[in-house]
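**Q** following is a predicted model, sequence given first.
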Amino acid sequence: ANADIGLIGLAVMGQNLVLNIADHGYNVAVYNRTTAKMTDFIERAQKEEPSRDRLIGCEKLEDFVKAIKRPRKIIILVQAGKPTDAVIDGLVPLLEKGDIIVDGGNALWTDTIRREKDLKAKGLYFIGSGVSGGEVGARFGPSMMPGGDPEAWQHLEPIWKAVSAKVDPESGKPYEDYQPGKPITEGEPCTAHIGANGAGHYVKMVHNGIEYIDMQLICEAYQLMKTLLGLDAGEMSEVFGSWNEGDLDSFLIEITTDILQQRDPADPSKFLVDAVLDTAGQKGTGKWTSTNALDMGIPANAIAEAVFARCLSALKEERVGASKVLQGPAPEYKDDKKELIDAIRDALYCSKICAYAQGFQLMREAQKEYDWKLDFGHIAKIWRGGCIIRARFLQKITDAYARDPKLVNLMLDPYFKDALHNAQANWRKVVAIAATNGVSAPAFMSALAYYDGYRSDRLPANLLQAQRDYFGAHTFERVDQPRGKFFHVDWPDKARPQVEA
Ligand code: NBP
């Protein structure tokens, strides 16, 4: 056996991660259910890849397992769900005590908890490691979020630290000057042990939930500039490019700048984005994040709104029909263009702060539920490079948790509090303009509602609880009595006194 590690699942992520690992000097055994994909991959690598001699293609699972040094480290990168279980079931009889299976797919964290428990009972380790960054990330340095037994993590740590993205420790900016065979070896690696069992996959899921809202906020900014200012894609590309020089500097703003410049290959006088159908797909991690927020009773409304925005976009035919029936105001904006662009930038920044506050609040609650000890500063740190939500902003989050590791809500950190105070007039202006002009901006609006709700010492839930007591005798607490003392009245009957329930 001379493979340092093995990988099963040679689709886009698997192929790229294998080449990344091999570039760092490790021998990698590879296997894929459909053998032709494995042989094609090895054939192509033999022609093009500097690290070709470190790849060991295996047609049979038995040979693959035998090729790996003990304790074996085997990464599974197949479609999440049943395929992952099928691969594990096939592997287990061939493994020996102390071997380590790593799931690098987008698994549901509760599946990871179950698998870790089952495999531990069989003497095997199981690490659930979120991998973010798409195919380029996998190839040249993703952000990696491993969860599981710390002992197994020790075996993986050198490889994970080698292959993950690297950031400049001073500026927090990712190093991105990579090419095949010449991996980046300096800088801080974007990986850290997240916690026990499903913690890594949970954090990866929340990362994806944040990715949904980050993307939606950019789309709303685009829609407002297009509808109210009549900017074309090329002009908006310049706006996003300028935003990328400031606080909003991020991968998603950067790719938006590129996308908006792209000409349509079918008609180069036009921009390609205008030819793309306005229906968005989804694979489920945003939905999982939102469902989990509902299950735990955490108000992650902006993240959920981003999922619903994709759902609404998918109702294309209904929307086209409704656009001929349902009326709204004709969009009109006559004031200073530059002022509105600046206001939209501020609205985007404030909404982004709320969205991240929600994501971190979710993780805070989940760690109580699953008895994890998450280091939020560290999580923000490993998202600074490699992953889809990488941004200058994440350094500010790391700084916030360094100032106060027990921070209750990101919005309460002095830096973010000041940012919200300084920019909120513009945020409110944009939400108001969107509403009066009939431009749908659900993420900007729900983020603002979250901000205003969170800072309210009294919400109308007094009336709501009274309604519940009225029709269902659900009882209520009183502002002038200790918490935990419950009352009930027969509401329409003014004559009868309230009673303690
Ligand atoms: P896919 O999610 O498209 O999965 C394809 C792979 O799964 C192929 O190797 C396929 O083998 C294998 N597979 C399936 Br499907 N059913 C199987 C089974 N029953 N037994 C064995 N193998 C099976 O690949 P991907 O897009 O590279 O993603 C891999 C994982 O990484 C997923 O969990 C995904 O959610 C996650 N992820 C993807 C991205 C991304 O940008 N694509 C980013 C981050 C994370 P075959 O060749 O024999 O059909």
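**A** Okay, I see it.
**Q** do stretch 8-19 and the ligand come into contact?
**A** Yes. Judged by CB under 6 Å from any ligand atom, stretch 8-19 and the ligand are in contact via 9, 10, 11, 12, 13, 14. From N, CA and C alone the C-beta is placed, and that goes for glycine too.
**Q** could you look up the SS state of residue 115?
**A** helix (DSSP: H, G, I helix; E, B strand; the rest coil).
**Q** ok, it - contacts?
**A** Taking CB atoms under 8 Å, 6 or more residues apart in numbering, we find residue 115 in contact with 84, 85, 88, 103, 107, 126, 128.
**Q** show me what counts as buried in the helix or strand harbouring the third one.
**A** In this case it means residue 88. In this structure, residue 88 sits in helix 82-91 according to DSSP states H and E. Judged by neighbour count using 16 or more other CB atoms under 10 Å, the buried positions of helix 82-91 are 84, 87, 88, 91.
**Q** export stretch 307-320 as PDB, just CAs?
**A** Coordinates of each C-alpha in stretch 307-320 appear next as PDB, following Å, rounded to 0.1, in the frame of the first residue of the first chain:
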ATOM      1  CA  VAL A 307     -35.000  30.700  -0.200                       C
ATOM      2  CA  PHE A 308     -38.500  31.900  -0.900                       C
ATOM      3  CA  ALA A 309     -37.200  34.400  -3.400                       C
ATOM      4  CA  ARG A 310     -35.900  31.500  -5.400                       C
ATOM      5  CA  CYS A 311     -39.200  29.700  -5.000                       C
ATOM      6  CA  LEU A 312     -41.100  32.700  -6.300                       C
ATOM      7  CA  SER A 313     -38.700  33.000  -9.200                       C
ATOM      8  CA  ALA A 314     -39.400  29.500 -10.200                       C
ATOM      9  CA  LEU A 315     -43.100  30.300 -10.700                       C
ATOM     10  CA  LYS A 316     -42.200  32.000 -13.900                       C
ATOM     11  CA  GLU A 317     -45.400  31.200 -15.900                       C
ATOM     12  CA  GLU A 318     -47.700  32.300 -13.000                       C
ATOM     13  CA  ARG A 319     -45.700  35.500 -12.600                       C
ATOM     14  CA  VAL A 320     -46.000  36.300 -16.300                       C
END
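**Q** mind listing what's buried in it?
**A** 307, 308, 309, 310, 312, 313.
**Q** is stretch 375-390 anywhere near the ligand?
**A** No. Counting by CB under 6 Å from any ligand atom, the ligand has no neighbours in stretch 375-390; the shortest distance is 8.4 Å.
**Q** rewinding a little: determine which two of the contacts of residue 115 are furthest apart.
**A** Spanning the widest gap among those are 85 and 128, at 13.2 Å by CB to CB.
**Q** quick one, helices of the stretch 151-300 of the chain?
**A** Along the stretch 151-300 of the chain, counting by DSSP state H, counting those that start in this stretch, helices occupy 199-229, 233-243, 251-261, 285-296.
**Q** which of those sits most buried?
**A** Among the helices of the stretch 151-300 of the chain, helix 199-229 has the highest mean neighbour count (mean count of other CB atoms under 10 Å), at a mean of 25.
**Q** give me the mean pLDDT for the helix holding residue 88.
**A** Mean per-residue pLDDT for helix 82-91: 98.
**Q** for the residue in the chain that the ligand sits nearest to, which residues are in contact?
**A** Residue of the chain nearest the ligand, by CB to the nearest ligand atom: residue 105 (2.5 Å). Taking CB under 8 Å, 6+ apart as the contact definition, residue 105 lies against 9, 13, 76, 77, 78, 79, 80, 84, 131.
**Q** domain map for this structure?
**A** Per automatic domain parsing, the structural domains of the chain span 5-197, 202-454, 461-500.
**Q** so which of the residues of stretch 8-19 next to the ligand are in helices?
**A** 12, 13, 14 (DSSP state H).
**Q** and the gap between the residue nearest to the last one when sequence neighbours are not counted and residue 148?
**A** So that's residue 14. With sequence-adjacent residues excluded and distances taken as CB to CB, 6 or more residues apart in numbering, residue 14 is closest to residue 77, at 4.0 Å. Using CB to CB, to the nearest Å, one obtains 16 Å as the distance from residue 77 to residue 148.
**Q** these two: who's more crowded?
**A** Shown here are residue 77 and residue 148; by other CB atoms under 10 Å, residue 148 has more neighbours (31 against 26).
**Q** pretty sure that one is touching residue 160, no?
**A** No. Using CB atoms under 8 Å, residue 148 is not in contact with residue 160, being 11.8 Å away.
**Q** how about residue 250, nearest residue that isn't a chain neighbour?
**A** residue 391 (3.3 Å).
**Q** which pLDDT value belongs to the one you found?
**A** So residue 391 comes in at 94 (pLDDT).
**Q** quick one, phi psi at it?
**A** For residue 391, the backbone dihedrals are phi -170, psi 150 (criterion: degrees, to the nearest 10).
**Q** hang on, it packs against residue 247?
**A** No. Contact criterion CB under 8 Å: residue 391 and residue 247 do not qualify, at 9.1 Å.
**Q** of those two, which one has the most company?
**A** Per other CB under 10 Å, whichever of residue 391 and residue 247 has more neighbours is residue 391, with 26 against 18.
**Q** tell me which residues touch the more buried one, please.
**A** 248, 249, 250, 251, 252, 384 are the contacts of residue 391 under CB under 8 Å, 6+ apart.
**Q** now do 7 Å
**A** Contacts for residue 391 (CB atoms under 7 Å, 6 or more residues apart in numbering) come out as 249, 250, 251.
**Q** before we move on, what about residue 392?
**A** 247, 249, 250.
**Q** let me know the pLDDT of the last one.
**A** The one in question is residue 250. Looking at residue 250, the pLDDT reads 95.
**Q** and it, how many neighbours?
**A** Residue 250: 21 neighbours (other CB under 10 Å).
**Q** close to the ligand: what parts of this structure are there?
**A** 9-14, 32-34, 37, 77-80, 83, 86-87, 105-106, 131-132, 134-135.
**Q** re the thing from before, quick one, which of the ones in helices among the residues of stretch 8-19 next to the ligand are buried?
**A** Buried among these (16+ other CB under 10 Å): 13, 14.
**Q** can you give me the strands in this protein?
**A** With DSSP state E as the criterion, the chain has strands at 5-8, 28-31, 55-57, 73-76, 100-103, 125-132, 143-147, 166-167, 188-189, 263-264, 267-271, 487-488, 499-500.
**Q** quick revisit: where's the residue of the chain closest to the ligand relative to residue 134, distance?
**A** Distance from residue 105 to residue 134, by CB to CB: 14 Å.
**Q** do the same with residue 67
**A** 28 Å.
**Q** tell me which of the two has more neighbours.
**A** Shown here are residue 67 and residue 134; by other CB under 10 Å, residue 67 has more neighbours (20 against 15).
**Q** excluding chain neighbours, what is closest to that one?
**A** Closest residue in space to residue 67, ignoring its immediate chain neighbours: residue 29 at 4.1 Å, by CB to CB, 6+ apart.
**Q** same thing with residue 266?
**A** Excluding the flanking residues, the one nearest residue 266 by CB to CB, 6+ apart is residue 275, at 7.2 Å.
**Q** do the same with residue 269
**A** Per CB to CB, 6+ apart, closest to residue 269 is residue 263, 7.8 Å.
**Q** returning to that earlier point: restricted to helices, list the buried residues of stretch 307-320.
**A** 307, 308, 309, 310, 312, 313.
**Q** switch these over to a markdown table; also include pLDDT and distance to residue 421.
**A** Formatted as a markdown table, those follow (pLDDT from 0 to 100; distance: CB to CB, whole Å):
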| residue | pLDDT | distance to residue 421 |
| --- | --- | --- |
| 307 | 98 | 29 |
| 308 | 98 | 29 |
| 309 | 98 | 27 |
| 310 | 98 | 32 |
| 312 | 98 | 32 |
| 313 | 98 | 33 |
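**Q** which one of the residues you listed sits closest to residue 220?
**A** residue 309 (8.4 Å).
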